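Participant: Fold the following.
(one chain, ligands or ions: 1)
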Amino acid sequence: MIETKSVSISQILVRSSGYLKQICSHSLQPYRGCSFGNSLCGVGCYVQHNWFVTRGRTWGRFLEIRQNAAEIYLKTCRTERNWAYRSDIPFAIFCSSATDPFLPQERSCGITRSVLEAMKQQPPDSLIVQTRSPLVLSAADLLEELSQRCQLRVHMTIETDREQLPGLPPFATSVSARINACQELKKRGIKTIVTVSPLLPILNPQAFLQQIAEVADGVVIDHFIEGDGTPDGSRTRKTALPEAMWEVEPDSITINYRDRIVGIARTVLPGRVGVGQTGFAGLLE
Ligand code: SF4
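Facilitator: A predicted model of the protein is given here:
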């Protein structure tokens, strides 16, 4: 059961720090909390360790709907753009790093949609829409329009070709539905990158990457080691995720596994592969 409440906020554009600093000037969360938190991605989710977000609440059990997000975006974007320019960086927004912008609740609340509408009036220089949800297709019209006004890319997270890991809850959205969503976005001319993050044991790497090559413009591969905000993945090691990964493929909890998958990706998608933080920032080689 998830406790949902509507809230008013005074700030929506958060200046980047830590891992995100190399990737964007600001992050934007249309919701606080995440209703995907009880699914597989929630097991290792680093946001659950952020007390500022949870305030002691159980991850996956609360959702704040930021009903005035679009209004606050329009009110503050000029100041935040100027701050970015004074810092000599583009006004680049990551939506979202601590929730999913296309949770099932988006269907009725439309908060992300309202923010994208606001961005049509005041577009950032670049926008990364990071999601695990095929519901992103409900905003494909807006994403298409915004693609004409700023550098936009959709990052669709698909961590593995497996629909389940033993002992863990299922994913919130199926792998096949996410692959299909990428195909549709790409067909509409929206730049689409699959983020394999965190990388989980893949059943058939060659076939999985081949499928990604067909439905997306590129792939970013990110392991929990170096990818969870700690250099050695210690944050994720406190969760049940590494043990489940180890049971399926012991090597998958080492950085060697990432390097092996990156090697295969470079043969399947030459020039279209990013790794970790630089990959999220848009560097594909
Ligand atoms: S969708 Fe993202 S923010 Fe939400 S639980 Fe999964 S990993 Fe965490």
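Participant: Just the helices from the stretch 101-250 of the chain, written as ranges.
Facilitator: 106-109, 111-121, 140-147, 175-187, 205-215, 234-237, 241-248 (DSSP state H, counting those that start in this stretch).
Participant: most packed of those helices?
Facilitator: Stretch with highest mean neighbour count among the helices of the stretch 101-250 of the chain: helix 111-121 (a mean of 20; mean count of other Cβ atoms under 10 Å). No exception for glycine: its C-beta is placed from N, CA and C like everyone else's.
Participant: Save the helices of the stretch 101-250 of the chain as TSV, and put in distance to the ligand and mean pLDDT too.
Facilitator: Converted to TSV, the helices of the stretch 101-250 of the chain look like this (distance: least, Cβ to the nearest ligand atom, whole Å; pLDDT from 0 to 100):
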stretch	distance to the ligand	mean pLDDT
helix 106-109	12	98
helix 111-121	13	98
helix 140-147	18	98
helix 175-187	12	98
helix 205-215	19	98
helix 234-237	11	94
helix 241-248	11	97
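Participant: Is it possible to get TSV of the ones you listed that adds distance to Ala70?
Facilitator: Formatted as TSV, the helices of the stretch 101-250 of the chain follow (distance: least, Cβ to Cβ, whole Å):
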stretch	distance to Ala70
helix 106-109	12
helix 111-121	4
helix 140-147	12
helix 175-187	22
helix 205-215	30
helix 234-237	32
helix 241-248	35
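Participant: Hmm, Val175 and Arg132 touching each other?
Facilitator: No. Arg132 lies out of contact with Val175 (Cβ atoms under 8 Å); the separation is 10.1 Å.
Participant: Overlap in contacts, these two.
Facilitator: Residues touching both Arg132 and Val175 (Cβ atoms under 8 Å, 6 or more residues apart in numbering): Ile158.
Participant: State the phi and psi torsions of whichever residue of the stretch 101-250 of the chain sits closest to the ligand.
Facilitator: Among the residues of the stretch 101-250 of the chain, Arg132 lies nearest to the ligand; the distance is 5.1 Å by Cβ to the nearest ligand atom. Torsion angles at Arg132 (phi, psi; degrees, to the nearest 10) stand at phi -120, psi 20.
Participant: What about it, how many residues nearby?
Facilitator: 26 (other Cβ atoms under 10 Å).
Participant: residue contacts, it?
Facilitator: Residues near Arg132 by Cβ under 8 Å, 6+ apart: Phe36, Cys41, Asp100, Met156, Thr157, Ile158, Phe171, Ala172, Thr173, Arg178.
Participant: The residue minimising distance to the centre of the chain bridge partners, please.
Facilitator: The residue lying closest to the centre of the chain (Cα atoms, centre = their mean) is Gln130, at 3.2 Å. Counting by DSSP bridges, Gln130 is bridged to His155.
Participant: if I read this right, it contacts Phe102, doesn't it?
Facilitator: No. Taking contacts as Cβ under 8 Å, Gln130 lies outside contact range of Phe102: 9.9 Å.
Participant: So which bits of the top helix by length along the chain are buried?
Facilitator: Taking DSSP state H as the assignment, the helix of the chain that covers the most residues is helix 69-86. Neighbour-count burial for helix 69-86, with 16 or more other Cβ atoms under 10 Å as criterion, is recorded at Ala69, Ala70, Ile72, Tyr73, Leu74, Thr76, Cys77, Glu80, Arg81, Trp83, Ala84.
Participant: ok, and the closest non-adjacent residue to Tyr85?
Facilitator: Phe91 (7.2 Å; Cβ to Cβ, 6 or more residues apart in numbering).
Participant: Can you get me a residue count around that neighbour?
Facilitator: 23.
Participant: got a pLDDT number for it?
Facilitator: Here, the pLDDT recorded for Phe91 equals 98.
Participant: Next: Ser96.
Facilitator: Per-residue confidence (pLDDT) for Ser96: 98.
Participant: Report how many residues lie close to it.
Facilitator: The number of residues packed near Ser96 is 23, by other Cβ under 10 Å.
Participant: With Asn204 instead?
Facilitator: Neighbour count of Asn204, defined by other Cβ under 10 Å: 11.
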